[in-house]
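S.K.: I would like to see how this sequence folds:
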Amino acid sequence: MYDVLVVGGGHAGIEAAAAAARMNQKTLLVTNDLSMIGSMPCNPSVGGPAKGIVVREIDAFGGLMPKAADQTALQFKMLNTAKGPGVRCLRVQSDREAYKKWMRNALEKQPNLDLLEQKAARILLDGNKVIGIECEDGTQICSRTVILTAGTGMNSAILRGHTSTISGADGMPTNSTLSQSLADAGLKLIRLKTGTPPRIIKDTVNLEAAVIQPGSEEFLHFSDETTPDQVIRVEDQLPCYLIYTTPKTHQIINDHLQDSAMYSGLVTGVGPRYCPSIEDKLVRFADRPRHQLFLEPERAAYDTFYVQGFSTSMPEDVQELMVHSLPGLEHCTIQKYAYAIEYDAIDPLQMYPSLENKVVENLFTAGQVNGTSGYEEAAGQGLMAGINAALKNQNKEPLVLGRAQAYIGVMIDDLATKGTQEPYRLLTSRAEYRLLLRHDNAHVRLAPIAHAIGVLPESMWNHFQMQQAEVSQGIEDLKKAHIKPGKEINDLLASVEAGSLEHGTDAYTLLKRPNVTIERLEPFTGVKLSKDAATQIEVECKYEGYIAKAQRDVDRLAKLENVRIPRDLDFNSVTNLALEARGKLDKIRPATLGQASRISGINPSDIAVLSALLANMKSEK
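M.R.: Residues are numbered from 1 along each chain as shown. Next comes the predicted model:
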């Protein structure tokens, strides 16, 4: 008998199991193959736009992905550095083999966590409650809560050309009985598709035809606990390379369009809009003369490249022609051919914002099984599922992060409120308060919450407190430091195009000017801070007005978010609600008035009716 049982050893399963175990739950992770824990069947990287901030948020809860990404990285790169802080993000190129080993080792050392190599066949029910799983060999395992993180492994098929092969990603077996047991329990399944590009042998590529893409020349990290000695040295980072498709590439693809599984009629699932196959790009963006591709190293051995942006479901012989039409790849050897994969997922409108299923009690779902794409999206959901399964076992209220608190909150709210018809991907544009959801302040936003519920290790909490003490002292010292006009300061300001100083001022006020940094002011202030503390202060200072405005917008809407809707409220009996509103509210069953207001088709008048009803119910109590 376990407290929490996690099915699946991908990125969602890892974080779910580790989070539950950190909250002192007796936890079991069941997966087909322990050697494939933390597998990266698609791109060997972590982070990027929006996703990188999710990884920072996972770190604020003590999660594993940030540390694994840091300590197995081949290259670090901070993206969008020329843009505002709301879109800056870190991306690392990972060693896919080292990443898997790091994750398995971390899970094996985690107290309160057992690992079991078995294939889950079906969920076990007692009425409308899940009570465990049955494995393929007939073994039954009981648990108070079950977290399903099956990824793309349910009833999956590999597609190339006109051929469909029953298989999971990366050569893993598929599972048809598990999704059937979910359907038998009353869950609505949807069919989705994703894909991956070919891998090629590095030594057969002419890199002189490519543009080198080096990493950032500074110490970068996802986890606040990572130290410089734990990551690859700047001078040892492996480069990526940029190339472009050619007219010949486009001609080959267009000539063989009907050979693609995507266009031959073989594919029935819906593919990702924001990460389409190369043939889909050519059809949708027919006016573009070329598309950029990246050659990304997969391992420290530096023997293979992942051709980022070249996902396809063409037959192998056509893939040969396509790959050899690319600059520098004319004579390359393909190690592994690209493929598309179709799989069963669960309609996310069937889950509460806590990630617990509405149809089957005590069943939580996370990751690609909820209709998302990406390792980071999966890990963020897994973290929250593990936390909320533990909280439910502790008879505590679920933790639901708001849209102004975390990108994880934005993602889960989108899924639970709007659903998805295609693999969902996090984008910075999805977050209306992205200036509040930054790389630099993830721990400020979330570490106190993580500490309060008992999921954040004490060492990380102590580190956070020390860092915030440095930030507070740094702000105080900068406000006390008075800088007088003079040649030296004006020469500095002129060199960074920040005007001149006509009257004396404090350093904190001067810091508001463009290109003025704490490090540049150090000779005049004596204030020396760590890079992380300095970054946090500079962003808060320079964007103080914008941040305050965003916070005022959040505060105005907070009243709606704080009004909870009873789970058993009969919306169909509320006669003053519009008929369409009753149907949508009954289907989605929002947890708060704020969530109800974001449902498509719900009007302000419907919210007013609900608000009055809930106020009356509260007064009657």
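S.K.: what residue ranges in the stretch 501-621 of the chain score low on pLDDT?
M.R.: Across the stretch 501-621 of the chain, residues meeting the criterion (pLDDT under 70) sit at 621.
S.K.: just the helices in it please.
M.R.: Along the stretch 501-621 of the chain, counting by DSSP state H, counting those that start in this stretch, helices occupy 507-510, 518-525, 531-542, 544-561, 579-588, 593-597, 604-620.
S.K.: Single out the most deeply packed of those helices.
M.R.: Compared across the helices of the stretch 501-621 of the chain, helix 593-597 shows the largest average neighbour count, a mean of 21 (mean count of other Cβ atoms under 10 Å). In short, each C-beta sits where N, CA and C put it, glycine included.
S.K.: Check which helices and strands that helix is in contact with.
M.R.: Applying 3 or more Cβ pairs under 8 Å, 6 or more residues apart in numbering; DSSP states H and E, we find helix 593-597 packed against helix 407-418, helix 544-561, helix 604-620.
S.K.: Which elements pack onto the second one?
M.R.: This points to helix 544-561. helix 593-597.
S.K.: quick one: contacts of the helix it packs on?
M.R.: Under the contact criterion Cβ atoms under 8 Å, 6 or more residues apart in numbering, helix 593-597 has outside partners 353, 413, 416-417, 557, 560-563, 565, 585, 590, 602, 604, 606-607, 610-611, 614.
S.K.: where's the closest residue to Glu502 other than its chain neighbours, which helix or strand?
M.R.: Counting by Cβ to Cβ, 6 or more residues apart in numbering, Pro485 is the residue found nearest to Glu502 once chain neighbours are left out, at 6.0 Å. Using DSSP states H and E, Pro485 is not contained in any helix or strand.
S.K.: Any figure for the gap between Pro485 and Ala121?
M.R.: 77 Å (Cβ to Cβ, to the nearest Å).
S.K.: okay, now the nearest residue to Lys336 once chain neighbours are set aside: neighbour count?
M.R.: Of all residues not flanking Lys336 in the chain, Arg199 sits nearest, at 4.3 Å (Cβ to Cβ, 6+ apart). Applying other Cβ atoms under 10 Å, we find 19 residues neighbouring Arg199.
S.K.: List the residues that contact Arg199.
M.R.: 298, 304-307, 334-336.
S.K.: If it is in a bridge, with which residues?
M.R.: Here Arg199 shows beta-bridge partners Tyr306, Lys336, assigned using DSSP bridges.
S.K.: Against Thr333, how distant is it?
M.R.: 10 Å.
S.K.: Looking at the chain, which helix is longest?
M.R.: helix 458-480 (DSSP state H).
S.K.: Please list the outside residues in contact with the next helix or strand after that helix.
M.R.: The element immediately downstream of helix 458-480 (helix or strand, assigned by DSSP H and E) is strand 482-483. If you take Cβ under 8 Å, 6+ apart as the criterion, strand 482-483 is touched by 489, 501, 504-507, 510, 521, 524-525.
S.K.: Sheet partners, orientation included, of strand 482-483?
M.R.: According to DSSP bridges, strand 482-483 has these partners: strand 505-506 (antiparallel).
S.K.: which SSE is Lys83 in?
M.R.: Lys83 belongs to no helix or strand when elements are defined using DSSP H and E.
S.K.: neighbours around it, how many?
M.R.: 10.
S.K.: Now do it against Cys89, distance only.
M.R.: Separation of Lys83 from Cys89 (Cβ to Cβ): 10 Å.
S.K.: Check Pro198 too.
M.R.: Distance, Pro198 to Cys89, using Cβ to Cβ: 27 Å.
S.K.: now do Pro348
M.R.: In terms of Cβ to Cβ, Pro348 sits 24 Å off from Cys89.
S.K.: related to what we said a few turns ago, give the buried subset of the contacts of Arg199 as a PyMOL selection command.
M.R.: Burial among the contacts of Arg199 is assessed by 16 or more other Cβ atoms under 10 Å; the matching PyMOL selection reads:
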select buried, resi 298+304+305+306+307+334
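S.K.: what two of the contacts of Arg199 are the furthest from one another?
M.R.: Using Cβ to Cβ, the contacts of Arg199 span at most 13.7 Å, a distance reached by Glu298 and Ile334.
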